[in-house]
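> Using only what follows, build the 3D model:
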Amino acid sequence: MVTAELQQKKVVINREQRQAWGYAERLSETVELEMVAIPEGQFQMGAPEGEAESFDDEKPQHQVTVKPFFLGKYPITQAQWQAVAKLPKIYYDLESNPSRFKGENRPVERVSWFHAVEFCARLSQKTGNSYRLPSEAEWEYACRAGTTTPFHFGETITTDLANYNGNSTYAAGPEGIYRSETTPVGSFGVANAFGLYDMHGNVWEWCADPWHDSYQGAPGDGTVWDENCNDNRYHSRIDLLVNLRKDNRTRLLRGGSGHNYPRFCRSAIRVIDAPVNRGSNYGFRVACASART
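Got it, this is the predicted structure:
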């Protein structure tokens, strides 16, 4: 676990060993999916008033209670994607590797929301566990891991801790480098208090929810905010994938990417896109409410 403190215009990085727990799902003889246990709890979702470079759609801040679940330790990698893409088709075809920047341990990118849902459905059918995209509330709760600062490691960010466009700065932090490509998952050795890596930058991560312009009227129980079917299971149930193809409501992504300035990598950031779009830096990680291990 890492914390970053700004001291006299320099970022001081402190590291601490902690232990997380979860389970590993075997996808093939050589590929595993590591899932981390996220404990139940309450948090203030959204950007607080006065957070630097925040946006109106991240407000109002509101209390959310989240039930325990599991979340991928890393964004889905290309090796994991390829293993699942070989499984029987549920509804959508999946390219064997759509990513621009190739590498087994790099995150898969150029993935649409529909294809992320198809991945979850195939994985669920193979394993017997119900995999899905996380709700927006689950994602932010997991990212923050008990923190209230713009980033889970503190008030500012540096390219020593995450992959983003270091040509811009945040909160008097230093300029860094712009790698202009993805990096292997976990390569910075930076986890949050729950044991999750790469929550800031590298690739944007799809969430299950349809887009809403603000948090006015948002549910307080951590479930998917979906007026059509407010049920987390909705986005992993195989028998509803046919209906999803008719559902072209815009969806949202969290976490920022290696191409974005640091303001777009904050814990509260949220952006919008159509579910069919395969952005050059769009990836995802999977959630599971419970697992047979």
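> going forward, measure contacts between C-alpha atoms and count neighbours the same way
Noted.
> Tell me which residue is most central in the protein.
When Cα atoms, centre = their mean is applied to the chain, the residue found nearest the centroid is Glu205 (4.2 Å).
> That residue - that's part of a strand, no?
Yes: assessed with DSSP: H, G, I helix; E, B strand; the rest coil, Glu205 lies in a strand.
> Would you mind confirming that it makes contact with Arg285?
Yes: in this structure, Glu205 is within contact of Arg285 by Cα atoms under 8 Å, at 6.6 Å.
> who touches both of these two?
Pro75 (Cα atoms under 8 Å, 6 or more residues apart in numbering).
> Now do the buried residues in stretch 140-159.
Within stretch 140-159, the residues scored as buried using 16 or more other Cα atoms under 10 Å are 140-159.
> what residues are up against the residue nearest to the centre of the chain?
75, 253-256, 282-285.
> Relative to Ala287, how far out is it?
As judged by Cα to Cα, to the nearest Å, Glu205 and Ala287 stand 12 Å apart.
> repeat for His212
21 Å.
> And these two? Which one has more around it.
Applying other Cα atoms under 10 Å to His212 and Ala287 shows that Ala287 carries more neighbours, namely 26 against 16.
> Spell out the secondary structure type for the residue lying closest to the more buried one once chain neighbours are set aside.
Spatial nearest neighbour of Ala287, excluding adjacent residues (Cα to Cα, 6 or more residues apart in numbering): Leu71 at 4.4 Å. Assigned with three-state DSSP, Leu71 falls in the strand class.
> what's across from Leu71 in the sheet?
With DSSP bridges as the criterion, Leu71 is bridged to Val36, Ala287.
> again, but for Tyr282
Trp204.
> where along the stretch 1-150 of the chain do the strands fall?
Here the stretch 1-150 of the chain has its strands, by DSSP state E, counting those that start in this stretch, at 2-7, 10-15, 22-26, 32-38, 41-45, 62-66, 69-72, 131-132.
> Need the ones you listed in JSON lines (columns: distance to Arg110, mean neighbour count and mean pLDDT).
As requested, those are exported to JSON lines (distance: least, Cα to Cα, whole Å; neighbours: other Cα atoms under 10 Å; pLDDT from 0 to 100):
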{"stretch": "strand 2-7", "distance to Arg110": "29", "mean neighbour count": "17", "mean pLDDT": "79"}
{"stretch": "strand 10-15", "distance to Arg110": "32", "mean neighbour count": "13", "mean pLDDT": "79"}
{"stretch": "strand 22-26", "distance to Arg110": "24", "mean neighbour count": "15", "mean pLDDT": "96"}
{"stretch": "strand 32-38", "distance to Arg110": "20", "mean neighbour count": "20", "mean pLDDT": "98"}
{"stretch": "strand 41-45", "distance to Arg110": "28", "mean neighbour count": "19", "mean pLDDT": "98"}
{"stretch": "strand 62-66", "distance to Arg110": "30", "mean neighbour count": "18", "mean pLDDT": "98"}
{"stretch": "strand 69-72", "distance to Arg110": "19", "mean neighbour count": "24", "mean pLDDT": "98"}
{"stretch": "strand 131-132", "distance to Arg110": "18", "mean neighbour count": "28", "mean pLDDT": "96"}
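> Any idea which of those strands gets closest to Trp225?
Closest to Trp225 of the strands of the stretch 1-150 of the chain, according to Cα to Cα: strand 62-66, at 12.2 Å.
> was I right about Ala193 contacting Thr3?
No: using Cα under 8 Å, Ala193 is not in contact with Thr3, being 10.1 Å away.
> Show me where the stretch 151-293 of the chain has its helices.
241-244 (DSSP state H, counting those that start in this stretch).
> low pLDDT regions in the stretch 151-293 of the chain?
229-246, 291-293 (pLDDT under 70).
> now the strands: where do they sit in it?
According to DSSP E, counting those that start in this stretch, the strands that the stretch 151-293 of the chain contains are 204-210, 251-254, 270-273, 282-283, 287-288.
> List the contacts of Lys89.
Residues in contact with Lys89 (Cα under 8 Å, 6+ apart) are Arg122.
> And it, how far from His115?
Taking Cα to Cα, one finds Lys89 at 11 Å from His115.
> next one: phi and psi at Met199?
Main-chain dihedrals, Met199, degrees, to the nearest 10: phi -80, psi -20.
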